[in-house]
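Participant: below: sequence and its predicted model.
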Amino acid sequence: ELAAELSGVIALPAFTELMSPDGVSEVSLQVETAGGPAQRRRIDRLVPTSHGFLVADYKTDREVPGSIEACNPDYILQMAGYRDALRKIHPGQPLRMALLWTAAPHLMDIPDWVMDGMADQLSVSRP
């Protein structure tokens, strides 16, 4: 069922940029967290674009929040960690961070100000 759902999402024209052949899936990354060692994580989708990088994490929750503020804070923290690690790897490159809700399907951008609110939970410094 999940495979069929994801196949349907991939085929939608709205996700052409996300599913670009230039993108890479399951990108390994080390993320620093407060009070502990760096943790190995995987970015679901990383796509180089003409304006930086599109970074997406797939969420299969059946209940899709109506706004980014209503999202599970753990999801925002996860993406903030990815953003901070990628900023070290690709300094100065614009990063578009998003959650792909497969049940909707809907690509929900995460503004920097939302991730910045997680600063106290991450050990890396903010630019």
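Facilitator: Done, it's in. If you're wondering where the values come from, they're calculated on a predicted model, not measured in any experiment.

Participant: ok, and what's touching the helix or strand bottoming out on mean pLDDT in the chain?
Facilitator: Least confident helix or strand, the chain: helix 2-11 with a mean of 71, by mean pLDDT, DSSP states H and E. Residues from elsewhere that reach helix 2-11 (Cβ atoms under 8 Å, 6 or more residues apart in numbering): F15, M19, Y58, T60, L100, T102, A103, P105. (Glycine included, C-beta is placed from N, CA and C.)

Participant: where's that helix relative to the chain centroid, distance-wise?
Facilitator: 18 Å (Cα atoms, centre = their mean, to the nearest Å).

Participant: ok, now which ones touch A98?
Facilitator: L18, L54, V55, A56, D57, L107, M108, D109, I110.

Participant: if you average pLDDT over the lengthiest helix in the chain, what comes out?
Facilitator: Secondary structure of the chain per DSSP state H: the longest helix is helix 73-89. For helix 73-89, mean pLDDT is 92.

Participant: neighbouring strands for the helix or strand just after that helix, and are they parallel or not?
Facilitator: Next along the chain after helix 73-89, taking DSSP states H and E as the criterion, comes strand 95-101. In the sheet, strand 95-101 lines up against strand 52-59 (parallel), strand 106-109 (antiparallel) (DSSP bridges).

Participant: and the lengthiest strand in the chain, which residues are buried?
Facilitator: Assignment by DSSP state E gives strand 39-49 as the longest strand of the chain. Neighbour counts over strand 39-49 (16 or more other Cβ atoms under 10 Å) mark R41, I43, D44, R45, L46, V47 as buried.
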